[in-house]
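Asks: give me the fold of what follows.
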Amino acid sequence: MKTISFFTILIGLLIFTSCEKEESNDIDNTPTTALDATLKSYGWDYNYKLASTPEELARIMDNPKANIVRSVDDFKRFVKTEPILNSVFADERMFEVITKSMKFNRKGLQTYSYEALRKAYPNRFRTIIVTMSKGFGMDLWLTTDYDDMYCASTATCKPDTFSICIGNNC
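Replies: The predicted structure is shown next:
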């Protein structure tokens, strides 16, 4: 009799807790527009598909309507829309070091050094670089292709550890 009472109470508790979980799941499924609001308030819009080849990136960069990062001001706006970058670049000194290494022309990014990111975030710097690259129009694979190169002069990428060089825009 005690065993039956125990199991009845246990089953009752399980049913009660499962009801609570269903209710909380309903709350979690409520759609949110927080991210959309953030993107709109800063004017960022991914109106391009990330490039996975140099030719695709060249087409994006040649399109003046593509909302890629083309200046430090654009990068500042982009950082505010990406939670990872917003956190990393809350450190104003880090923002300054990275943006001072960036070179742009009218088409967009030419080169930058991520050495400071690698030192400050040794376990996360690749994730940070890939997130940054989305703003420049590149996917993970293209970012990797341009890794460890620096834009030394017009149309000349040279080996340089911890730098990115956009070959078609150098």
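
Asks: residue contacts, residue 165?
Replies: 110-111, 146, 149-151, 157-158 (C-beta atoms under 8 Å, 6 or more residues apart in numbering). Quick note: C-beta positions are derived from backbone N, CA and C, even for glycine.

Asks: give me the phi and psi angles of it.
Replies: phi -130, psi 130 (degrees, to the nearest 10).

Asks: could you give the bridge partners of it?
Replies: Using DSSP bridges, the bridge partners assigned to residue 165 are residue 111.

Asks: secondary structure element for the nearest residue to residue 53 once chain neighbours are set aside?
Replies: The shortest distance from residue 53 to any non-neighbouring residue, by C-beta to C-beta, 6 or more residues apart in numbering, is to residue 142 (6.8 Å). Element membership for residue 142 (DSSP states H and E) is helix 140-145.

Asks: how many residues are close by the residue lying closest to residue 162 once chain neighbours are set aside?
Replies: Closest residue to residue 162 apart from its sequence neighbours, by C-beta to C-beta, 6+ apart: residue 115 at 3.9 Å. Using other C-beta atoms under 10 Å, residue 115 has 16 other residues around it.

Asks: do you know how far residue 115 is from residue 132?
Replies: Noted for residue 115: a distance of 14 Å to residue 132, by C-beta to C-beta, to the nearest Å.

Asks: in terms of contact, does residue 57 touch residue 146 like I think?
Replies: No - Residue 57 is beyond contact range of residue 146, at 9.1 Å (criterion: C-beta atoms under 8 Å).

Asks: just want the most central residue of this protein.
Replies: Nearest to the mean C-alpha position of the chain, by C-alpha atoms, centre = their mean, lies residue 131 at 2.4 Å.

Asks: shouldn't that one be in contact with residue 85?
Replies: Yes - the pair residue 131 / residue 85 is scored as a contact, 5.7 Å apart, by C-beta under 8 Å.

Asks: how about the strands of the chain, start to end?
Replies: 103-105, 108-113, 147-153, 156-165 (DSSP state E).

Asks: would you mind finding the most buried of those?
Replies: Of the strands of the chain, the one with the most neighbours on average (mean count of other C-beta atoms under 10 Å) is strand 108-113, at a mean of 22.
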